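Trainee: sequence first, predicted model second:
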Amino acid sequence: MNRFVLDASFAMTWVIEAEQTPASMQHFHALTRREAEAHVPSIWCDELANVLLTVERSRRITTEVAATWINYFLVLPVIVHPTSIEQSLIEIRPLALAHGLSVYDAAYLHLAMREQVPLATFDRQLIKEAPKVGVKLLD
């Protein structure tokens, strides 16, 4: 089974039709067919909810489209990894500092390092920093 860390920037390309790419949609369909499994830090849940709210408020998607995607996200094989305070302060914060990332972005990188799986992101800074710590990017 294909396993990867999924960040909010990648997941949101599925929601916003103008941002969909063939590669991102390929991974979405792999998840819907249960051929893949996405791993996320717990911050992903709040980030996803916030981005959905933001694009709905800006009228980039309708309330109905948001509801459809919420239903998808509720059933996709997404494994949420809780983050302890020790991990946040002792492991993730220094990673963020060393690579010029927010702690939120470093949480994705940290999880990909820990699980030894590729990272699915469209975040430019994460794309730049991931190879420096041995994390592959999802094709």
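Mentor: Happy to help now that I have it. Numbers count the residues shown, from 1 in each chain.
Trainee: contacting residues for residue 125?
Mentor: Applying Cβ atoms under 8 Å, 6 or more residues apart in numbering to residue 125 gives the contacts 99, 100, 101, 105. (C-beta placed from N, C-alpha, C; glycine too.)
Trainee: ah, wrong one, I meant residue 34
Mentor: With contact taken as Cβ under 8 Å, 6+ apart, residue 34 is in contact with residue 77.
Trainee: again with residue 15
Mentor: With contacts defined as Cβ under 8 Å, 6+ apart, the neighbours of residue 15 are 51, 52, 55, 61, 65, 66, 69.
Trainee: dump those residues into JSON lines; add pLDDT, neighbour count and distance to residue 136 as well.
Mentor: Formatted as JSON lines, the contacts of residue 15 follow (pLDDT from 0 to 100; neighbours: other Cβ atoms under 10 Å; distance: Cβ to Cβ, whole Å):
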{"residue": "51", "pLDDT": "94", "neighbour count": "16", "distance to residue 136": "25"}
{"residue": "52", "pLDDT": "95", "neighbour count": "21", "distance to residue 136": "28"}
{"residue": "55", "pLDDT": "96", "neighbour count": "18", "distance to residue 136": "29"}
{"residue": "61", "pLDDT": "95", "neighbour count": "19", "distance to residue 136": "31"}
{"residue": "65", "pLDDT": "95", "neighbour count": "16", "distance to residue 136": "32"}
{"residue": "66", "pLDDT": "95", "neighbour count": "17", "distance to residue 136": "32"}
{"residue": "69", "pLDDT": "96", "neighbour count": "20", "distance to residue 136": "27"}
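Trainee: got a quick PyMOL command for the buried subset of the contacts of residue 125?
Mentor: Only the buried members of the contacts of residue 125 enter the following PyMOL selection, criterion being 16 or more other Cβ atoms under 10 Å:
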select buried, resi 99+101+105
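Trainee: which pair in the contacts of residue 125 spans the largest distance?
Mentor: Taking Cβ to Cβ as the measure, these reach their widest spread between 100 and 105, a distance of 9.5 Å.
Trainee: show me where pLDDT drops low in this structure?
Mentor: Scanning the chain with the threshold set as pLDDT under 70 gives no residue ranges.
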